[in-house]
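**Q** Return atomic coordinates for the entry below.
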Amino acid sequence: MKSILAASVIMLFASWTSIALAGNSQTGSDSGTITFIGAVVESLCDTTIQQKRVDVSCNKAGLANIKTLALEDTAWQKLPNSVGNVRISWLDGQHRRGTVTIHYQ
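**A** Coordinates of the predicted model:
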């Protein structure tokens with residue numbers, strides 16, 4: 001019985017202190033300044049949809065490289081110049097509507 005009472009007191013004390021600490025950490029959190037310094041120096045990749053393929057053209061340091069994707073391949077593939085990954089996803093079973101998703105690194 002004493003061990004249950006002691007455990008209850010410890011848990012109650014721990015919950016009070018965590019609530020008190022959480023309340024103090026939020027003081028003044030509704031203001032501040034975030035500064036961004038920099039620029040986007042490379043253009044985005046361009047996509048050209050052909051009859052049975054998608055060409056993805058990526059420029060880096062003034063050089064254009066093209067990655068050709070077969071419309072049947074829906075796995076993630078690396079883009080030229082290590083700029084990211086690309087994937088084709090179909091929205092319907094007939095492969096008439098789809099999306100090309102590009103994740104830049």
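**Q** In terms of pLDDT, where does residue 46 sit?
**A** Per-residue confidence for residue 46 comes out at a pLDDT of 88.
**Q** Beyond the helix or strand of the chain with the lowest mean pLDDT, next helix or strand please.
**A** Using mean pLDDT, DSSP states H and E, the weakest-scoring helix or strand in the chain turns out to be helix 2-25, at a mean of 51. The C-terminal neighbour of helix 2-25 among helices and strands, as given by DSSP states H and E, is strand 46-49.
**Q** any residues touching that following strand, and which ones?
**A** Contacts to strand 46-49, defined as C-beta atoms under 8 Å, 6 or more residues apart in numbering, come from residues 54-58, 100, 102. Yep, even glycine has a C-beta here, placed from its N, CA and C like the rest.
**Q** Which residue comes closest to residue 54 once chain neighbours are left out?
**A** Among residues not flanking residue 54 along the chain, residue 69 sits closest, at 4.6 Å (C-beta to C-beta, 6 or more residues apart in numbering).
**Q** so what's that neighbour up against?
**A** The contact partners of residue 69, taken as C-beta under 8 Å, 6+ apart, are 53-56, 77, 86, 88, 100.
**Q** what sits opposite residue 84 in the beta ladder?
**A** residue 104 (DSSP bridges).
**Q** Go ahead and confirm it touches residue 105.
**A** Yes. Distance between residue 84 and residue 105: 4.9 Å, which falls inside the contact criterion (C-beta atoms under 8 Å).
**Q** Name the spans of this structure whose pLDDT lies under the cut-off.
**A** Within the chain, the stretches falling below the threshold (pLDDT under 70) are 1-29, 40.
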